[in-house]
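1. Take this sequence and fold it.
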Amino acid sequence: QVQLVESGGGLVQPGGSLRLSCAASGFTFSSYTMTWVRQAPGKGLEWVSVITRGGATHYGSSVYGRFTVSSDNAKNMVYLQMNNLKPEDTAVYYCNADYQDGLELYDYWGQGTRVTVSS
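-> Numbers count the residues shown, from 1 in each chain. Okay, the predicted model is just below:
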């Protein structure tokens, strides 16, 4: 059974830090591209960061320089270190795993973890 379980969200003051974790199971983690996506209250999904199966990382412009994505293939984990948090980072953060094998796309989502940045 495929599972992605996010954790690490919470309430933090502006300028603070949080580290989100995503635990993956039920699929070959090292073959997948792992993406963090967020949804702020009343808004649509926003792409945050990605780490490819080759280890390349990319970030959205709104988080560039503040967030760092990493993964641990031995533990089937992906992390999002978030520093210098701003109120506009308030959102539910989702972990996504995807892999394409020819015409077959495998795409999985976690349930999300809520981050609130407020004083």
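2. Ala24: neighbour count?
-> By other C-beta atoms under 10 Å, 24 other residues sit near Ala24. Glycine gets a C-beta too; all of them are placed from N, C-alpha and C.
3. now Val2
-> Using other C-beta under 10 Å, Val2 has 11 neighbouring residues.
4. What about the closest residue to it other than its chain neighbours, how many residues nearby?
-> Spatial nearest neighbour of Val2, excluding adjacent residues (C-beta to C-beta, 6 or more residues apart in numbering): Gly26 at 3.8 Å. Residues lying near Gly26 (other C-beta under 10 Å) number 12.
5. what do you get for Gly44?
-> Number of residues near Gly44 (other C-beta under 10 Å) recorded here: 6.
6. quick revisit: for the residue nearest to Val2, give me its contacts.
-> Listed by C-beta atoms under 8 Å, 6 or more residues apart in numbering, the contact partners of Gly26 are Gln1, Val2, Gln3.
7. The last one bridge partners, please.
-> By that I understand Gln3. Ser25 (DSSP bridges).
8. Show me the strands in this structure, by range?
-> Counting by DSSP state E, the chain has strands at residues 3-7, 10-12, 18-25, 33-39, 45-51, 57-59, 67-72, 77-82, 91-101, 104-109, 113-117.
9. could those go into TSV alongside mean pLDDT?
-> What follows is these, written out as TSV (pLDDT from 0 to 100):
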stretch	mean pLDDT
strand 3-7	97
strand 10-12	98
strand 18-25	97
strand 33-39	98
strand 45-51	98
strand 57-59	98
strand 67-72	97
strand 77-82	98
strand 91-101	95
strand 104-109	93
strand 113-117	98
